[in-house]
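Peer 1: need coordinates for the following:
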Amino acid sequence: MEKQLQDNYVRISTNTPIWDHFFTVAPLIIVGTKEGNGYDMAPKHMATPLGPSNYFGFLCTRNHSTYHNVKETKEFSVSFPIPNQVLLASLGASPRNPDIDKSEQIVASLPTVKATTIDALFVENSYLYLECELFKIIDGFDDHSFITGKIKTAFVNKDYLRVSEMDEQQQINEYPLLAYLPPGRFASIAQTYNFPFPKGFKK
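Peer 2: Have a look, this model is predicted:
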């Protein structure tokens, strides 16, 4: 006999977006693009590697400059900030004001470094940097689109580089990772455990 859901579950209406009714765990990245004579930096959390090869993608919308910047320049950078940089990520989400040039007034105030092979910025002292060439933009998720890129260059901070002789839990404890818990919370991840893969499991 098939088991039924128990009373401690609540049906969520799908007539509206479901995602604000609970927390999930997501990465928090900052996408950098060239915009006119300046640059743009925008935090994103709906972002992920695409398969085991060197592809990466994130969700965006035509209503944001990031979408149009990537479509025009066909490249973007990705910074993975550390927990004490969450305020920098927040500043990147500052709403645009017609009286304020975001590149000059906001992005210019952020600590940044230039990417090496594309014309975009990274957030300084992030632990992982990706330089991506646009692969394809997939429109049609209602008002949103999925922007994908092929990773051309990558850099990781030496403290975050996995090396076989280092204890992984100790490494993450000393150098925690930033996670975003939508909607509107974040976490510093320092305590982790080995995943219990079944015997013989292969990627």
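Peer 1: buried set for stretch 121-137?
Peer 2: Across stretch 121-137, burial judged by 16 or more other C-beta atoms under 10 Å covers 121-123, 126-132, 134-135, 137. (Each C-beta comes from the backbone N, C-alpha and C, glycine too.)
Peer 1: which other residues reach stretch 65-77?
Peer 2: The contact list for stretch 65-77, computed with C-beta atoms under 8 Å, 6 or more residues apart in numbering, reads 31-35, 40, 42, 44, 60-62, 96, 102, 115, 118-122, 129-134, 137, 145, 147, 149.
Peer 1: tell me the buried residues in the top helix by length along the chain?
Peer 2: Across the chain, the longest stretch assigned as helix under DSSP state H is helix 65-73. Neighbour counts over helix 65-73 (16+ other C-beta under 10 Å) mark 65-67, 69-70, 73 as buried.
Peer 1: which of those sits closest to residue 203?
Peer 2: Looking at the buried residues of helix 65-73 and their distance to residue 203, the nearest is residue 70, at 29.8 Å (C-beta to C-beta).
Peer 1: spatially nearest residue to that closest one (excluding sequence neighbours)?
Peer 2: Excluding its sequence neighbours, the residue lying closest to residue 70 (C-beta to C-beta, 6 or more residues apart in numbering) is residue 76, at 5.0 Å.
Peer 1: surely that neighbour is in a strand?
Peer 2: Yes - using DSSP: H, G, I helix; E, B strand; the rest coil, the assignment for residue 76 is a strand.
Peer 1: run through the bridge partners of it.
Peer 2: Beta-bridge partners for residue 76, by DSSP bridges, are residue 132.
Peer 1: which residues sit in contact with the residue sitting nearest the centre point of the chain?
Peer 2: Nearest to the geometric centre of the chain sits residue 29, at 2.8 Å (C-alpha atoms, centre = their mean). By C-beta under 8 Å, 6+ apart, the contact set of residue 29 is 43-45, 47, 58, 78-81.
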